[in-house]
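**Q** What follows is a predicted protein model with its sequence.
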Amino acid sequence: MLQGAVEASRRAKTLRKTMSLPEVLLWVALKKRPAGFKFRKQHPSGPYVADFYCHQARMIVEVDGATHDFGDQPQRDERRDAWFVERGLDVMRIPARELLNDCDAVVRGVVARATERCAPGEE
């Protein structure tokens, strides 16, 4: 399982208490363990904090609000995603507006991707 640096662990604890509405909506669905997948919220991973992490599928789910489109945030997201990919993780980025529009469809997509990641013969 991914472990976080001390500072990331502190930041994760704070972020768990201040989740955005789209993150809360997704968490309400994911904590029910859809299709048997266990997700962790605001999971510290190295220097980063993943919005959601599924160890079984080796998958990170990130909820991106509007701020992810501005300034240096796209480049920061690319570096962050690359760090996860280098460790064999899949990163799924979901625009916050999609969660607000149809959370059930997003959850189905997350479960489908996790299922693909766990298919026999694939790594």
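**A** Sure, I can see it. Numbering: from 1, shown residues only.
**Q** which residues of this protein fall in helices?
**A** With DSSP state H as the criterion, the chain has helices at 6-17, 21-30, 73-86, 96-117.
**Q** right, and those helices - which one's nearest residue 44?
**A** Proximity to residue 44, assessed across the helices of the chain by C-beta to C-beta, is greatest for helix 6-17 (4.0 Å). C-beta here means a position set from N, CA and C on the backbone, and glycine is covered the same way.
**Q** follow-up on the earlier one: now tabulate the helices of the chain in TSV and tack on mean pLDDT.
**A** Formatted as TSV, the helices of the chain follow (pLDDT from 0 to 100):
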stretch	mean pLDDT
helix 6-17	65
helix 21-30	95
helix 73-86	89
helix 96-117	96
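**Q** Determine which stretch of those is the most buried.
**A** Across the helices of the chain, averaging neighbours per residue (mean count of other C-beta atoms under 10 Å) puts helix 21-30 on top, at a mean of 18.
**Q** Need the residues that contact that one.
**A** Identification of contacts with helix 21-30 by C-beta atoms under 8 Å, 6 or more residues apart in numbering yields 19, 37, 39, 41, 51-52, 61, 63, 65, 94, 96-97, 99-100, 103-104, 106-107, 110.
**Q** possible to save the helices of the chain as CSV with distance to residue 56?
**A** Converted to CSV, those look like this (distance: least, C-beta to C-beta, whole Å):
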stretch, distance to residue 56
helix 6-17, 20
helix 21-30, 13
helix 73-86, 16
helix 96-117, 7
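**Q** nearest to residue 57, of these?
**A** Short answer: helix 96-117, nearest of the helices of the chain by C-beta to C-beta, at 3.9 Å.
**Q** what's the closest non-adjacent residue to residue 90?
**A** residue 59 (4.7 Å; C-beta to C-beta, 6 or more residues apart in numbering).
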